[in-house]
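S.K.: Predicted structure and sequence below. I'll ask about it afterward.
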Amino acid sequence: HQTLSALLRKCLESSHLDYEQYPSQILCLAEYIRFVSHVEDAIKNREGLVDLNEKLLLKLQSLTYSDLSGDPITQLKATALILDVIRQREVVDTLIKNRASELDSWVWQKQMKYYSEINDALPHICHCTIRMSSAEINYSYEYQGNQAKLVHTPLTDKCYLNLTQAMHFGFGGNLFGPA
């Protein structure tokens, strides 16, 4: 836990994506924390969502034009980041289409949001929380390896929303099983 937390702290302080230094899980988590911060700033700014969407498009172009053909692990990391940026653009498009102008609007509250906090007593550790609707869950830093990323769909969002709310109320859930 402390090693991944320390890596997240370092990754958040870095100004560029270092595929060699960080596992995919940490790269994606750091990018989602940055994304949430940018979206919340953009919502407060009112016109900032359109600008943010343009920046995400440029980021997507940068990631897709990079030559990462040599190393399969680096390809997995880049693919995970590409899928995340595509998802982030979908979120921003939804916010724009629904004219989200407040942080407490439902269209933003129903998104899975990642936040980081630095504890002064343990400055090398980064505490991360996940918020979705009324739920707030501590990120557990369970190592996930460099595996293929799950593609987000509207059904994925509904499952995450239901599972986070169940966990918030002390229940559990499972995405596997008979339909």
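M.R.: Nice, I can see it. Here the structure is a predicted model, which means the values were calculated and not measured. Numbering: from 1, shown residues only.
S.K.: biggest strand in the protein by residues?
M.R.: When the chain is parsed with DSSP state E, its longest strand is strand 122-132.
S.K.: Can you tell me the element residue 82 falls in?
M.R.: According to DSSP states H and E, residue 82 maps onto helix 72-97.
S.K.: where does the protein have its least confident helix or strand?
M.R.: strand 122-132 (a mean of 85; mean pLDDT, DSSP states H and E).
S.K.: Given that strand, what are its sheet partners and their directions?
M.R.: Here strand 122-132 has these sheet partners by DSSP bridges: strand 113-119 (antiparallel), strand 135-138 (antiparallel).
S.K.: okay, those strands in TSV with mean pLDDT next?
M.R.: Converted to TSV, the strands paired with strand 122-132 look like this (pLDDT from 0 to 100):
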stretch	mean pLDDT
strand 113-119	89
strand 135-138	94
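S.K.: Nearest to residue 107, out of those strands?
M.R.: strand 113-119 (12.3 Å; C-beta to C-beta). Placement of C-beta: from N, CA and C, glycine included.
S.K.: Show me which parts of that closest one are buried, residue by residue.
M.R.: 113-116 (16 or more other C-beta atoms under 10 Å).
S.K.: What are the contacting residues of it?
M.R.: 8-9, 12, 29, 32-33, 36, 125-132, 139 (C-beta atoms under 8 Å, 6 or more residues apart in numbering).
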